[in-house]
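Colleague: generate coordinates for the sequence data below:
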Amino acid sequence: MQQEIQRWEYLALTTASELRTEHLNRYGEEGWELVATVPVGTGTTYYVFKRPKAAVTTSPDGTPTVPQSYR
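Modeller: Alright, predicted model coming up:
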């Protein structure tokens, strides 16, 4: 039986100003979810987003297999 493994891709942004709602909505429309904000200095924030990556399944022996369309 094959088991699907959820993979993620990440986007990290550093900005000296806050991301405005319209920026966050635009990233959301592209599938990005804001998962962390980290202040890294006076007025600077590190924003981390993630979204699902191409599906990967495993064969019965546990070997990952990627659908042909993603190769």
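Colleague: tell me which residues in stretch 32-51 are buried?
Modeller: Of all the residues in stretch 32-51, those buried under the rule 16 or more other CB atoms under 10 Å are 32, 45, 47, 49-50. C-beta: built from backbone N, CA, C; applies to glycine.
Colleague: just the residues you listed now: which is nearest residue 19?
Modeller: For the buried residues of stretch 32-51, the minimum distance to residue 19 (CB to CB) is 6.2 Å, reached by residue 47.
Colleague: isn't that closest one up against residue 13?
Modeller: Yes. Contact criterion CB atoms under 8 Å: residue 47 and residue 13 qualify, at 4.6 Å.
Colleague: got any residues that touch both of these two?
Modeller: Residues touching both residue 47 and residue 13 by CB atoms under 8 Å, 6 or more residues apart in numbering: residue 19.
Colleague: which residues touch the nearest residue to residue 30 once chain neighbours are set aside?
Modeller: Excluding the flanking residues, the one nearest residue 30 by CB to CB, 6 or more residues apart in numbering is residue 51, at 7.6 Å. By CB under 8 Å, 6+ apart, the contact list for residue 51 reads 8-9, 11, 30-33.
Colleague: residue 51 sits in which helix or strand?
Modeller: strand 44-52 (DSSP states H and E).
Colleague: for residue 6, give its distance to residue 48.
Modeller: Here residue 6 is placed at a distance of 17 Å from residue 48 (CB to CB, to the nearest Å).
Colleague: looking at this, residue 23 is in a strand?
Modeller: No. Applying DSSP: H, G, I helix; E, B strand; the rest coil, one finds residue 23 to be helix, outside a strand.
Colleague: could you check how far it is from residue 30?
Modeller: 11 Å.
Colleague: try residue 47
Modeller: Applying CB to CB to residue 47 and residue 30 gives a distance of 14 Å.
Colleague: quick check, residue 46 in contact with residue 14.
Modeller: Yes. Using CB under 8 Å, residue 46 is in contact with residue 14, at 5.2 Å.
Colleague: joint contacts of these two?
Modeller: The contact sets of residue 46 and residue 14 overlap at residue 40 (CB under 8 Å, 6+ apart).
Colleague: list the contacts of the residue lying closest to residue 15 once chain neighbours are set aside.
Modeller: Closest residue to residue 15 in three dimensions, ignoring its sequence neighbours and counting by CB to CB, 6+ apart: residue 45, at 6.1 Å. Neighbouring residues of residue 45 by CB under 8 Å, 6+ apart: 14-15, 18, 37-39.
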